[in-house]
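# build me a model from this:
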Amino acid sequence: MTFDESFFNQVSESFSLESTKLKELISDFPETGELTIEKIIPLYYQILNVSSMSTMLKQQLDQTKHKTLLEKIKETGNFISEKFDTQMHPDIVMRLTKSIQETTNHLQSEGSEQKSKDEIENQAQLYEELRKKLSTKEFVLQYDQGLSDD
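Numbering: from 1, shown residues only. You can find the predicted model right below:
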């Protein structure tokens, strides 16, 4: 399959836009403190989106005709590898694991004595938070599986 010029321009613009979104998500990501699921999930989806686009485009583009876009794809791949794969991803996994352990410890430390309605609701909220963190960690660890398959 070859790209006509108009389609190539759309693809190039789309890749540029998605790469920019990814860089913004990475730069806005908190380096310390509590991680929120609302920050983690969009980041991983964008990583997967840009990585999938890169893979597809590298297979479809002409090495000579589309040299500029291929260079941008290579730069973006290097950025993902250096900034995300080696730095951010391991840090996210570690911070999620620590947060899960802290929530689990807190829940385990609560006694089984009679609780008020507010205490029961608070505990239920903590269990829900723990469930979300565990699901998010499972999603994040699937990225590791993808890395090991490459």
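# report the buried residues of the lowest-mean-pLDDT helix or strand in the chain.
Within the chain, no helix or strand scores below helix 117-149, which has a mean of 88 by mean pLDDT, DSSP states H and E. Under the neighbour-count criterion of 16 or more other C-beta atoms under 10 Å, helix 117-149 has 130, 133, 136-137, 140, 143 buried. For the C-beta atoms, the positions are set from N, CA and C on the backbone; glycine is no exception.
# report the distance from it to the chain centre.
The chain centroid and the centroid of helix 117-149 are separated by 15 Å under C-alpha atoms, centre = their mean, to the nearest Å.
# which other helices and strands contact that helix?
helix 37-60, helix 89-109 (3 or more C-beta pairs under 8 Å, 6 or more residues apart in numbering; DSSP states H and E).
# how much does it deviate in direction from helix 37-60?
20 degrees (axes from the mean of the first three to the mean of the last three C-alpha atoms, to 10 degrees).
# tell me which element the residue in the chain sticking out farthest from the centre is part of?
Ranking residues of the chain by C-alpha distance from their mean position (C-alpha atoms, centre = their mean) puts Gln114 at the top, at 41.1 Å. If you go by DSSP states H and E, Gln114 is not part of any helix or strand.
# could you do Leu35 as well?
Leu35 belongs to no helix or strand, assigned by DSSP H and E.
# from what I can see it touches Met94, true?
No. In this structure, Leu35 is not within contact of Met94 by C-beta atoms under 8 Å, at 10.2 Å.
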